[in-house]
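> Have a look at this fold, sequence not included:
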DNA sequence: CAAACAATAGTCAAAGATGGTCAGAGAGGT
DNA sequence: ACCTCTCTGACCATCTTTGACTATTGTTTG
């Protein structure tokens, strides 16, 4: 990681870690890192793409800028809240499995992650009366749903 | 062991003995051992294969690199059984976290997986009396340890 | 207000910096 | 001699850096 691109990428992402949106002046950044201005375009085109979850806007001319924002995928968030509502405080093993498959399909979980979670939600892992088991399973699933949002 | 291949292999493995992952510059290593760059590829292709338990990544261009990691294979079951024995049927939140970090370091879990599991083992997720909580946490951890074996 | 000028950012192709491949030469052992 | 493992170098692929030229927007001037 000694190439300028990675250094600038890290610098910008570090700021984006705190601020959820940054606005830079191409020339300023180029000067700060002692590189040509178009280097900044390269960094943005290769490291802050839409596929990587970033939205970039810019303006030329006096008072120009480049603005970078991390995209918040509302759909996923909504889906998680929706599932959370459906789950409530009662969840059967089968329903849990169905939700996990849905989360894999939505690419919010990997297959491995889902397997791990499922193993913890199966009845063998919840040594208690049936009703308590379902309440407990629902509670754990709620935790999972909230945790996914922060991953 | 007088041929360059073996010497370079030994050099890299000696570093891998301490660091669990190394990142080299092909050209640098070639210069250090006074051989052509492609010699390094030969060493990697014959001594650091996936069958021998190594995972290699690389990048070309400016700031390029070759990264070598030792991956865990069979021995992992022993570690899992060992942790299982340590856990027994009582586990505090802190101890759980420590074990998860260990599992991450041993590359048996990803960071995301560990975060998901940890969220399920924290006290907020286990609404019950403290003693029951610790017993329950231990029980869930045992499930995780067994599940990892078949991931 | 239109034209010129200033201040920015964008594009793109060439040069630079690495690593990868592969076929053939070289070396060591049986 | 023959076979296998090593070593080498020419050529290839990919990523980064640079700079000349272009496009857009804001500001000043006639």
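That came through fine. Because the structure is a prediction, the values reported are computed rather than measured.
> For residue A:43, which non-adjacent residue is spatially closest?
Counting by C-beta to C-beta, 6 or more residues apart in numbering or on different chains, residue A:8 is the residue found nearest to residue A:43 once chain neighbours are left out, at 4.8 Å. From N, CA and C alone the C-beta is placed, and that goes for glycine too.
> What of residue A:35?
Going by C-beta to C-beta, 6+ apart, residue A:35 has residue A:4 as its nearest residue, at 5.2 Å.
> so what secondary structure elements neighbour the longest helix seen in chain A?
Determined from DSSP state H, the single longest helix within chain A is helix A:130-150. In terms of contacts (3 or more C-beta pairs under 8 Å, 6 or more residues apart in numbering or on different chains; DSSP states H and E), helix A:130-150 is packed against helix A:74-87, helix A:93-105, helix A:111-121, helix B:111-121.
> Can you check which of these gets nearest to DNA strand D?
For DNA strand D, the closest of those is helix B:111-121, at 23.2 Å, according to C-beta to the nearest atom of the strand.
> is any part of that closest one close to chain A?
Yes - contact between helix B:111-121 and chain A is present through B:112, B:113, B:115, B:116, B:117, B:119, B:120 (criterion: C-beta under 8 Å from any C-beta of the partner chain).
> Closest approach to DNA strand D from chain A, which residue is it?
For chain A, C-beta to the nearest atom of the strand, closest residue to DNA strand D: residue A:61, 2.5 Å.
> Make sure that residue is indeed in a helix.
No - judged by DSSP: H, G, I helix; E, B strand; the rest coil, residue A:61 forms no part of a helix; its state is coil.
> got the residues of chain A near DNA strand C?
Residues of chain A lying close to DNA strand C (C-beta under 7 Å from any atom of the strand) are A:3, A:24-27, A:37-38, A:40-42, A:44-45, A:58-66.
> Buried only: go through these for me.
A:24, A:26, A:40, A:44, A:66 (16 or more other C-beta atoms under 10 Å in any protein chain shown).
> Out of those residues, list just those in helices.
Among those, the ones falling in helices (DSSP H) are A:26, A:40, A:44.
> one step back: could the residues of helix B:111-121 next to chain A go into a markdown table alongside neighbour count and pLDDT?
Converted to a markdown table, those look like this (neighbours: other C-beta atoms under 10 Å in any protein chain shown; pLDDT from 0 to 100):
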| residue | neighbour count | pLDDT |
| --- | --- | --- |
| B:112 | 16 | 95 |
| B:113 | 24 | 97 |
| B:115 | 18 | 96 |
| B:116 | 22 | 97 |
| B:117 | 28 | 97 |
| B:119 | 18 | 96 |
| B:120 | 25 | 96 |
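> now, which of these sits nearest DNA strand C?
Relative to DNA strand C, the closest of these is residue B:112; by C-beta to the nearest atom of the strand it sits at 27.4 Å.
> Make sure that closest one is actually in contact with residue A:114.
No - using C-beta atoms under 8 Å as the test, residue B:112 is too far from residue A:114 to be in contact (11.8 Å).
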